[in-house]
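Visitor: Give me coordinates for this.
(one chain, ligands or ions: 1)
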Amino acid sequence: MDNKSYIDPENIPQHVAIIMDGNGRWAKQHGEDRIFGHHEGVNSVREIVEACGEIGVKYLTLYAFSTENWNRPKDEVDALMELLVATISLETPNLHSKGVKLHVIGDVKSLPQSCQAELNESIKITANNNKVNLILALSYSSKWEITNAVKQIAEKVKSNQIELKDINSNLIDKHLNTSAFPDPELMIRTSGEHRISNFLLWQLAYAEFYFTNTLWPEFRKEDFYKAILSYQKRERRFGLTGEQIQQP
Ligand code: FPP
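Guide: Here you go, the predicted structure:
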């Protein structure tokens, strides 16, 4: 039987976050330049969005471009931005027909105008969908996001809109880019790297991590379902003991 048929439909994570890593290495293995790997990576994105729809994952966050990625060679950054624009434009009808709602987190204003325009258009077109929420992290880093949240909260204290005692975990959640989404229960990173790389540091506090050696362009539905099965075998304790969790 395939991995999908073993999945327990009662224990599907609501939100899965993915660090899509290994495009460059995959391209090199195939004697191609790095951008070829990013192009291939789009096929994996399409498959995994579909897989989420099939098993009922409601939120999928993809780390597509980090704040640090701006420091890559200019050719690669330009090509990635072009690929983003082309992909969003080409894939929006497909996303829309599958009930996918697009969101973006990150420093969107730092993206090229063409990219911002394409994203806004797609967000508008898909605004009323509710099968899967696809959240693209673009020009995103968690330290950038948390720093912004701290600044906003400090401003509110300074202008007496809130008091110091009002600052708690919920208030911080509300000032993050992800305020409209539940925290991910599962974080997947491909390509054999075991790092979190400035991705959703706050939101992943209690997430289960799944690492695979598979490079992103080769990551397919069956690999995703395997990650879900691994998640379903974990005991999520949230700081409690195993015995406390098992109590009815
Ligand atoms: C990491 O691999 C991948 C990226 C920085 C870009 C991811 C982008 C895509 C998959 C394409 C566009 C996506 C969407 C959502 C339209 P890497 O380049 O760091 O690989 P390496 O570690 O092997 O060098």
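
Visitor: Okay, and the beta partners of the residue nearest the centre of the chain?
Guide: For the chain, the residue nearest the mean C-alpha position is Thr61 (2.0 Å; Cα atoms, centre = their mean). Thr61 has these beta-bridge partners by DSSP bridges: Ala17, Ile135.

Visitor: Local confidence estimate at it?
Guide: pLDDT for Thr61: 98.

Visitor: Just give the nearest non-adjacent residue to Glu222, would you?
Guide: Nearest residue to Glu222, sequence neighbours excluded (Cβ to Cβ, 6 or more residues apart in numbering): Asn3, at 5.4 Å. C-beta: built from backbone N, CA, C; applies to glycine.

Visitor: Next up, the contacts around the nearest residue to Ser197 once chain neighbours are set aside.
Guide: Spatial nearest neighbour of Ser197, chain neighbours left out: Ile19 (6.3 Å); criterion: Cβ to Cβ, 6+ apart. Ile19 makes contact with Tyr63, Met187, Ile188, Arg189, Thr190, Glu193, Ile196, Ser197, Phe199, according to Cβ atoms under 8 Å, 6 or more residues apart in numbering.

Visitor: repeat that with 10 Å
Guide: 61-63, 66, 137, 187-191, 193, 195-197, 199-200, 211, 216 (Cβ atoms under 10 Å, 6 or more residues apart in numbering).

Visitor: State the distance from it to Ser191.
Guide: 9 Å (Cβ to Cβ, to the nearest Å).

Visitor: Would you mind listing the residues touching both of those two?
Guide: Here Ile19 and Ser191 have Phe211, Trp216 as joint contacts, going by Cβ under 10 Å, 6+ apart.

Visitor: The residue nearest to Glu222 - how many residues pack around it?
Guide: Counted by other Cβ atoms under 10 Å, the residues lying close to Asn3 total 16.
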